[in-house]
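In: Return a 3D structure for these sequence lines:
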Amino acid sequence: MSMMVCRVCLSTEEQNLLPLDETFINNYNLLTNLSITLLDGMPQNSCRTCLDTVKCYIEFREKSISAEETLRELVLNNVKSENKPSLEDRENSTTNGDNDDPPVKSEIKEEAYDSMDDFYSEYVENVNDIIVKKDEDEYDVPTKKRRKRLTATKPTKLRKTLAVKKQTKSIKKTKPDKKPTLKETLEIEMNNEKMCGICPKKFEDKNDLKKHIDVHKNTRACVICGERVNSLSQLLAHRVTHIPQGQNKCFICDKKFKSSIYLEFHYRNLHIEEDDKKLYCNQCPQVCPSPKKFTDHMKHVHSHILKYFCDTCSKGFRCKSNLKSHILSHNTNKSFVCDLCGFSCKQRNGLYLSRHMAVHSDVQKYECTRCPAKYKTKAALIAHMDRHDDNRTKQCEYCPAKFFTASVLIKHRRIHTGEKPYVCKICNKAFTGNHNLKVHMKVHGEYLVVKRDSVKQEDLINVAK
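Out: Down below sits the predicted model:
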């Protein structure tokens, strides 16, 4: 099952996720030099923000490439035209060749300055024409007429700098106003239309939208995606998954919320009086009094995303608290000891809040429906029911043997591993099980085995049959 997470930014807001397509993958690979593909075992979704960002960068890239090609072509043409002498220049050069009078340096210098101004004025004006040409449908920017003069002399560095600065200032003055981006234009257009979100209808007036939503008061399923809900508040909160992000708010009071859960809680407690004030889970009978607890419940119980991993065994967990509890299982120290019997364990929860303390209680609240047997723990009742059906669910990984309970399987496994954790304090003889050690203590005059007064389970099962 694929994870419902954005492939680019790892966002988990499912209402904003859209499936990937070939166009987005090609553009994304072009920008990042990655090589992702469809159905590669990774998340196949992207949020709206990342889709728009990739699209904007692709448009910027294409625009930059086009501008660079145009500039290179323009500069190349100017250099060719300047280096190529005209027919008149050739004739003048031949006729002047017979004249023995040397040219005057001051006249050449002035002509060079004039030609320099004309050359760079022409170059910068051409750049201005390129910038303005793309927006000429919307903006009317006047340009100067060009003067063409040909000269063989080169301008000085100082005059070149002054000419470029002068023309750059004129370009800045005539620069048109910034155009709105495609994303901003789409958001404005979508926000002007009020979408129902429960069905595909759209409205221009907010009052018309409110009247239309009243039609869905008795509806308990989304017309767009078919998802079923348990209340009107949940239906109104679900509609935000099908409307633009700018309209993700309460349609009655225009108050905004960070998620649909908080919006549903808002409807339940302020606007929809007939709905319960608590939040109900659609996947289990859990009831939560607040949106935060409901969010934590969905993340810790129903989420398929494992964010936390054990450094020792690489096992994954949904929440950090479960990881902390698991890490204690790798600890060899059993620091929590029962005050009644000396039993020790690694975790406090495993001692006081779970199975062990039920051993010291006389209350047997788990009853078998097929015989009079009663048990203190639910695990004992499940093992008893498996005996009724002869269902041995615990399989040994070393041999074909099967057992009803995990404790018997652990004791059996020690036959294959050779582990004998129970050692006699008098003679140091070791045993695989605690019961075997108690039987052994009779040799030393200690009788630790206590027989039960209650009826054996096998006899109860035989009575039930």
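
In: Which of the helices or strands spans Lys411?
Out: helix 406-417 (DSSP states H and E).

In: Please apply the same query to Arg61.
Out: Here Arg61 is assigned to helix 48-83, by DSSP H and E.

In: What residues of that helix count as buried?
Out: Arg48, Thr49, Cys50, Leu51, Thr53, Val54, Ile58 (16 or more other CB atoms under 10 Å). (Glycine included, C-beta is placed from N, CA and C.)

In: what sits up against the host helix or strand of His266?
Out: In the assignment (DSSP H and E), His266 maps to helix 260-266. For helix 260-266, the external contacting residues (CB atoms under 8 Å, 6 or more residues apart in numbering) are 15, 233-234, 236-238, 240-241, 248-250, 255, 257, 279, 290-291, 294-295.

In: Who are the packing partners of whatever helix or strand comes next after it?
Out: Proceeding N to C from helix 260-266, the next assigned helix or strand is strand 279-280, under DSSP H and E. If contacts are counted by 3 or more CB pairs under 8 Å, 6 or more residues apart in numbering; DSSP states H and E, strand 279-280 sits against helix 260-266, strand 287-288.

In: Please identify the deepest-packed of these.
Out: Neighbour counts (mean count of other CB atoms under 10 Å) averaged over each of the helices and strands packed on strand 279-280 peak at helix 260-266, with a mean of 22.

In: what mean pLDDT does that helix have?
Out: Per-residue pLDDT values over helix 260-266 give a mean of 86.

In: Can I get that helix as PDB, trimmed to CA atoms?
Out: Presented in PDB, the C-alpha positions along helix 260-266 are these (Å, rounded to 0.1, in the frame of the first residue of the first chain):
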ATOM      1  CA  SER A 260     -10.800  19.500   8.600                       C
ATOM      2  CA  ILE A 261     -10.800  17.800  12.000                       C
ATOM      3  CA  TYR A 262     -10.800  21.200  13.800                       C
ATOM      4  CA  LEU A 263     -13.400  22.500  11.400                       C
ATOM      5  CA  GLU A 264     -15.700  19.500  12.100                       C
ATOM      6  CA  PHE A 265     -15.200  20.200  15.900                       C
ATOM      7  CA  HIS A 266     -16.200  23.800  15.200                       C
END
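
In: that older thread, so which of the contacts of helix 260-266 sit within helices?
Out: Residues of the contacts of helix 260-266 located in helices (DSSP state H): Ser233, Gln234, Leu236, Ala237, His238, Pro291, Phe294, Thr295.

In: Just give the number of residues close to the third one.
Out: If I follow you right, that is Leu236. Leu236 has 27 neighbouring residues, counting by other CB atoms under 10 Å.

In: and Met357, what pLDDT?
Out: For Met357, the pLDDT comes out at 74.

In: can you give me phi and psi for it?
Out: Note on Met357: its backbone torsions stand at phi -70, psi -20 [degrees, to the nearest 10].

In: now it: how far from Lys346?
Out: 16 Å (CB to CB, to the nearest Å).

In: Over to Ile58?
Out: Separation of Ile58 from Lys346 (CB to CB) stands at 55 Å.

In: Break this protein down into its structural domains.
Out: Listed by automatic domain parsing, the domain ranges of the chain are 1-68, 109-176, 189-277, 362-464.

In: how about those domains, which one is nearest Cys341?
Out: Cys341 lies closest to domain 362-464 among these, at 11.9 Å (CB to CB).

In: All the strands of the stretch 301-450 of the chain, residue numbers only.
Out: 308-309, 316-317, 336-337, 344-345, 366-367, 374-375, 394-395, 402-403, 422-423, 430-431 (DSSP state E, counting those that start in this stretch).

In: ok, Ile25 - how many residues close by?
Out: Taking other CB under 10 Å as the neighbour definition, Ile25 ends up with a count of 20.

In: just Leu17 next, same as before
Out: By other CB under 10 Å, the residues close to Leu17 number 21.

In: Where does pLDDT dip in the stretch 151-300 of the chain?
Out: Along the stretch 151-300 of the chain, segments meeting pLDDT under 70 span 151-192.

In: if we can go back for a sec, nearest to Cys222, of the strands of the stretch 301-450 of the chain?
Out: Cys222 lies closest, by CB to CB, to one member of the strands of the stretch 301-450 of the chain: strand 316-317, at 32.6 Å.

In: residues making contact with that closest one?
Out: Here strand 316-317 makes contact (CB under 8 Å, 6+ apart) with Leu306, Lys307, Tyr308, Phe309, Cys310, Leu323, His326.

In: make it 7 Å
Out: Residues external to strand 316-317 that are found in contact with it (CB atoms under 7 Å, 6 or more residues apart in numbering): Leu306, Tyr308, Phe309, Leu323, His326.

In: how would you label Leu18: helix, strand or coil?
Out: Following DSSP: H, G, I helix; E, B strand; the rest coil, we place Leu18 in the strand state.

In: measure it to Leu10 for me?
Out: Relative to Leu10, Leu18 is positioned 15 Å away (CB to CB).

In: ok, now Ala379?
Out: Ala379 sits at a distance of 39 Å from Leu10 (criterion: CB to CB).

In: the more surrounded of the two?
Out: Shown here are Ala379 and Leu10; by other CB under 10 Å, Ala379 has more neighbours (16 against 11).

In: Buried among the contacts of strand 316-317? Need that as a selection in ChimeraX.
Out: To isolate the buried members of those in ChimeraX, using 16+ other CB under 10 Å:
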select :323,326
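
In: would you turn the contacts of strand 316-317 into a markdown table with distance to Leu38?
Out: Below are the contacts of strand 316-317 laid out as a markdown table (distance: CB to CB, whole Å):
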| residue | distance to Leu38 |
| --- | --- |
| Leu306 | 24 |
| Tyr308 | 29 |
| Phe309 | 28 |
| Leu323 | 33 |
| His326 | 36 |
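
In: surely Lys299 meets Asn322?
Out: No - under the criterion of CB atoms under 7 Å, Lys299 makes no contact with Asn322, lying 11.2 Å away.

In: that older thread, any chance of the domains of the chain in TSV with distance to Val75 as columns?
Out: Below are the domains of the chain laid out as TSV (distance: least, CB to CB, whole Å):
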stretch	distance to Val75
domain 1-68	11
domain 109-176	8
domain 189-277	40
domain 362-464	77
